[in-house]
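> predicted model and sequence below, questions to follow.
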Amino acid sequence: MQITTSLLSIDRATVLRDGRALLDALSLDIAQGQHTAILGPNGSGKSTLVKLIERRVYPLVHDDGTPVARIFGRDRWNVAELRSLLGVVSSDLRREFEASNETALHAVLSGFFASMTLGPDHRVDDAMRDRALDSLARVGARHLASRDVSTLSSGEARRVLIARALVHRPRALLLDEPCAGLDPGTRRRFLDLLSELAQEGTTLVLVTHHVEEIVPEIGHVVMLREGKVLAEGPKAALLADDRLSGLFGWDMEVERSGAFYAARLR
């Protein structure tokens with residue numbers, strides 16, 4: 001299978017719900033290896049963009065038949081095949097797994113089948129089980145293998161979902177508000193893990209409205225507002241007082257501590 005250097009290419013994507021444009025002719029290009037933060041306020045279209053990339057929603061097609069979205073250079077994917085290249089971690093995914101009553105190990109193993117549970121037709125061999133346990137160990141969650149996902153803390157569940165996303169050793173990780181609900185210490189450990197993965201060659205696409213979650217390895221920022229790209233470019237240029245104030249509609253002040261940024265209302 002030929003894979004291009006493009007991770008994501010979206011051409012004028014429009015997604016409507018009840019007559020309202022959740023994404024409004026949005027265009028975006030992200031290259032493999034281009035660690036990117038997609039930043040925007042609530043209601044800006046971030047979650048819809050994630051669902052589009054995941055193939056959970058489909059944008060309106062162009063009249064001339066040209067594809068609206070390409071992932072790794074292709075516009076048609078088998079979901080299981082796509083998951084082997086693009087791992088996804090999101091709060092929606094965690095909620096779905098909590099309802100499944102699967103153990104952490106089974107949750108990770110389900111990643112091999114792009115399913116939410118292990119069904120009777122899913123055959124798990126020793127190699128799969130070893131890789132699932134290795135993935136749990138990689139994120140410091142090996143001891144959670146037999147625990148029901150619904151009993152895990154927010155931080156523990158995030159680690160299990162990352163292990164599930166990593167079981168295929170994907171080229172990229174798509175992370176939708178991954179630190180929601182985490183206490184400061186757990187969040188920092190989680191961000192350190194993301195930094196390690198980026199340094200090892202996994203492309204990060206982080207969707208968030210918290211500047212503090214943008215790890216040092218992320219150098220590119222895309223700003224979304226009202227379903228459109230407001231601005232995009234180098235992190236140092238966009239994580240500035242005037243840029244964030246325009247994005248969030250509040251008077252914002254940006255501070256930098258080492259390689260991390262933080263923002264607060266004036």
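Okay, I see it.
> from here on, just use CA atoms for contacts and neighbour counts.
Will do.
> all strands of the chain, in order?
Applying DSSP state E to the chain gives strands spanning 6-17, 20-31, 36-39, 69-71, 86-90, 172-176, 203-208, 220-225, 228-234, 252-257, 260-265.
> looking at this protein, which helix or strand is least sure?
helix 91-98 (a mean of 75; mean pLDDT, DSSP states H and E).
> follow-up on the earlier one: a markdown table please, covering the strands of the chain and showing distance to R243.
Shown next, in a markdown table, are the strands of the chain (distance: least, Cα to Cα, whole Å):
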| stretch | distance to R243 |
| --- | --- |
| strand 6-17 | 23 |
| strand 20-31 | 19 |
| strand 36-39 | 11 |
| strand 69-71 | 27 |
| strand 86-90 | 27 |
| strand 172-176 | 22 |
| strand 203-208 | 16 |
| strand 220-225 | 9 |
| strand 228-234 | 9 |
| strand 252-257 | 9 |
| strand 260-265 | 11 |
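> what's the neighbour count on A145?
Close neighbours of A145, defined as other Cα atoms under 10 Å, add up to 19.
> which residues sit in contact with it?
T103, A104, L105, L133, L136 (Cα atoms under 8 Å, 6 or more residues apart in numbering).
> what's the nearest residue to the third one if we skip its chain neighbours?
Closest residue to L105 apart from its sequence neighbours, by Cα to Cα, 6 or more residues apart in numbering: A145 at 4.6 Å.
> pLDDT wise, what is the one you found at?
We note a pLDDT of 96 for A145 in this prediction.
> any idea how far D241 is from it?
According to Cα to Cα, to the nearest Å, A145 stands 44 Å off from D241.
> same deal with T202?
For T202, the distance to D241 - Cα to Cα - is 30 Å.
> between those two, which is the more surrounded one?
Neighbour count, other Cα under 10 Å: between T202 and D241, T202 has more, with 23 against 17.
> my guess is that one meets L174, correct?
No - counting by Cα atoms under 8 Å, T202 sits too far from L174 to count as a contact (10.3 Å).
> show me which of the contacts of A145 is closest to G73.
L136 (30.3 Å; Cα to Cα).
> re earlier: now the least confident helix or strand of the chain - C-alpha only, CSV.
Output of helix 91-98 as CSV, limited to C-alpha atoms (Å, rounded to 0.1, in the frame of the first residue of the first chain):
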residue,chain,number,x,y,z
SER,A,91,-13.8,11.7,25.1
ASP,A,92,-16.6,10.3,22.9
LEU,A,93,-14.6,7.1,22.5
ARG,A,94,-14.0,6.8,26.3
ARG,A,95,-17.8,7.2,26.9
GLU,A,96,-18.6,4.4,24.4
PHE,A,97,-16.1,2.1,26.0
GLU,A,98,-17.4,2.8,29.5
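> may I see the buried residues of that helix?
Of all the residues in helix 91-98, those buried under the rule 16 or more other Cα atoms under 10 Å are S91, R94, F97, E98.
> any residues touching that helix, and which ones?
Against helix 91-98 from outside (Cα under 8 Å, 6+ apart): A107, M116, V149, S150, A157, R158, L161, D176, E177, P178, A180.
> could you give the bridge partners of M252?
L265 (DSSP bridges).
> hang on, the earlier thing: L82 versus the residue nearest to L105, what's the distance?
A145 is 25 Å from L82, by Cα to Cα.
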